[in-house]
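# generate a structure from the sequence data that follows.
(chains A, B, C and D)
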Number of protein chains: 2
Amino acid sequence: MDETQDTETQSMAQKGRVHRRALSAVFGDGSRPLYKEVKLALTRLLSSGDVGPGEAIPTEKQLCEQFGVSIGTIRKAIDELVAERVLVRQQGRGTFLVSHTPERMLNRFWRIVGRNGAREIPIVQTLTFKRSVADDAIAAALGIAKGDAVFSIVNLQLLGGAPVVLDEIILPHAAFPNLTEQGLRTRDTTMYGYYQEAFGVNIINVFDKLSAIKADKFVAEHLSVKVGEPILKVQRIACTFDNQPVELRYSQIQTENYEYHNTMGMQST
Amino acid sequence: MDETQDTETQSMAQKGRVHRRALSAVFGDGSRPLYKEVKLALTRLLSSGDVGPGEAIPTEKQLCEQFGVSIGTIRKAIDELVAERVLVRQQGRGTFLVSHTPERMLNRFWRIVGRNGAREIPIVQTLTFKRSVADDAIAAALGIAKGDAVFSIVNLQLLGGAPVVLDEIILPHAAFPNLTEQGLRTRDTTMYGYYQEAFGVNIINVFDKLSAIKADKFVAEHLSVKVGEPILKVQRIACTFDNQPVELRYSQIQTENYEYHNTMGMQST
DNA sequence: AAGTGGTCTAGACCACCAT
DNA sequence: TGGTGGTCTAGACCACTTA
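Numbers count the residues shown, from 1 in each chain, chains lettered A, B, ... in the order given. As a prediction, the model looks like this:
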């Protein structure tokens, strides 16, 4: 009996190794763990648009068969994408690509919170929309070449009926090929939701740099403050998969009644 | 042969269930997953001081035996603590409680970065140290009662030889019972490293609220700016396990040459 | 060489959701 | 009822560190 068991476990392990080699041949050079290969394949599935926002990826069992690996390996790949907040699991239903709805945005990339702690969805007014070309700073931030075509958008954001944030948003033409002022104005979702739905651009990560500056005349007029008043300036680079930058944004924020919140780490459970 | 296998797997599953019940009786009400119980036990191990900063926790195999659970369950518990950056794994060596060395702090809770992107370790000068009592705002932020004893510290931080950050730090007496000005001044590590080494207080998570204000006279003098110049103000609440607040800090930052950096999400791999 | 964490297997049962 | 993800087992072998 003991003998039987040993032989079995032995053969199971062997099988595992064989699978690994076979898959390496299919997926890569074999130097990457299997679950990373699976993760990469899932990432491609998502970024290719085969799975749209809010849609389910194949079930864990299906993925097992598709990739010829154990369910534990599939789960580890999905675990990482869940940790990166690309996917969300729902017990009994499936695993889904996150959809950038206004409600979800509120707790994800939106950092402006009332001094009383209230989070609210801003009303966005597009002030200007124009085509332009990248200068050195824009090219460096977006990882494109100087002179490449970009869109330049100025948005005013209202909170509690008052103007609080003035944004200048620069988008590379290459990632948003058919963007029009009309499309932008008539969207019925957040900016990031629009990127996702209309262009298949999923914002996965953002990098913010904050500083305090004086309000210039343009800002002062739109945010109803005096010239020279302190303003919170945020430079944001928003990235899609592989941390590829797809949006550069300069926000100027009037922080009399609102603050920028940043929580590091995760809530323990 | 098939029969043998079926009987075995059956008995394995049964054994698993028995274990679960037995442990539930030991650890809790059974409504919590086993790995959460293990995680909680590990957290207690760390917060009790049985494992000091930089020290190794028991090996995965030891924990298996100690808790009577499978290695996969232990790993899932450790996985979460690693994700929360409480533990760090080192293949071939062990799993360790993070130590808040200056180098590690630089990429964890320290957010002030030069405009050229350079991170540097600040030089800290303690300007004042006094005992005080909590007012309403402090009591609310630290989760203590109004009138409770606190320490109030003012630090000036130099970067590149120039004063950049002025901190007011409020610490509850209860969490730092024997704190003295002498001890604070003669520490040879970061503030958070000092909390950890001298008081067993591990900072796990911080919450920052940022706004732009005008420099007052006190700040202007210490940061070498004019009164009224824009200053980046950060209110930070630093927490230990279970998000229990143990430090309240008001930082005022001169952002001419430095910025506050915030990276959301994690870097994909 | 011995010991650590890292990867992976091939399932089982449970909790939950939809129909 | 059937299908989903959530938890858990009892190992195996690999990669790496330390002595």
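
# check which element follows the lowest-mean-pLDDT helix or strand in chain A along the chain.
Lowest by mean pLDDT, DSSP states H and E among the helices and strands of chain A is helix A:2-27, with a mean of 36. Using DSSP states H and E, the helix or strand that directly follows helix A:2-27 along the chain is helix A:34-47.

# now the next helix or strand after that following helix, how far from the chain's geometric center?
Counting by DSSP H and E, the next helix or strand C-terminal to helix A:34-47 is helix A:60-67. The chain centre lies 26 Å from the centre of helix A:60-67; the measure is CA atoms, centre = their mean, to the nearest Å.

# what packs against helix A:60-67?
On a contact count with 3 or more CB pairs under 8 Å, 6 or more residues apart in numbering or on different chains; DSSP states H and E, helix A:60-67 meets helix A:34-47, helix A:71-83. No exception for glycine: its C-beta is placed from N, CA and C like everyone else's.

# and the shortest one with helix A:34-47, angle?
Direction vectors for helix A:71-83 and helix A:34-47, defined by axes from the mean of the first three to the mean of the last three CA atoms, to 10 degrees, enclose an angle of 50 degrees.

# ok, which of the helices and strands packed on helix A:60-67 comes nearest chain B?
Nearest to chain B among the helices and strands packed on helix A:60-67 is helix A:71-83 (6.4 Å), distances taken as CB to the nearest CB.

# buried stuff in the closest one?
By 16 or more other CB atoms under 10 Å in any protein chain shown, the buried positions in helix A:71-83 come out as A:73-81.

# pick the one among the residues you listed closest to DNA strand C.
DNA strand C has its nearest neighbour among the buried residues of helix A:71-83 in A:Thr73, at 3.3 Å by CB to the nearest atom of the strand.

# for the closest one, list the residues it contacts.
If you count contacts by CB atoms under 8 Å, 6 or more residues apart in numbering or on different chains, A:Thr73 has them with A:34-35, A:38, A:67.

# so which of those is the most crowded?
In terms of neighbours by other CB atoms under 10 Å in any protein chain shown, the contacts of A:Thr73 top out with A:Val38 at 25 neighbours.

# distance check, the nearest residue to that one once chain neighbours are set aside against A:Gly92.
Residue nearest to A:Val38 in three dimensions, not counting chain neighbours: A:Ala77, with 3.9 Å by CB to CB, 6 or more residues apart in numbering or on different chains. In this view, A:Ala77 and A:Gly92 are 21 Å apart by CB to CB, to the nearest Å.

# domain map for chain A?
Listed domain ranges for chain A are A:2-97, A:102-258 (source: automatic domain parsing).

# which one of the ones you listed is the most hemmed in?
domain A:102-258 (a mean of 17; mean count of other CB atoms under 10 Å in any protein chain shown).

# distance between it and the chain's centre?
Put simply, domain A:102-258 sits 14 Å off its chain's centre (CA atoms, centre = their mean).

# any idea how far apart the tips of it sit?
Using CA to CA, to the nearest Å, the end-to-end distance of domain A:102-258 comes to 19 Å.

# report the rounded mean pLDDT for that domain.
Across domain A:102-258, the average pLDDT comes to 97.
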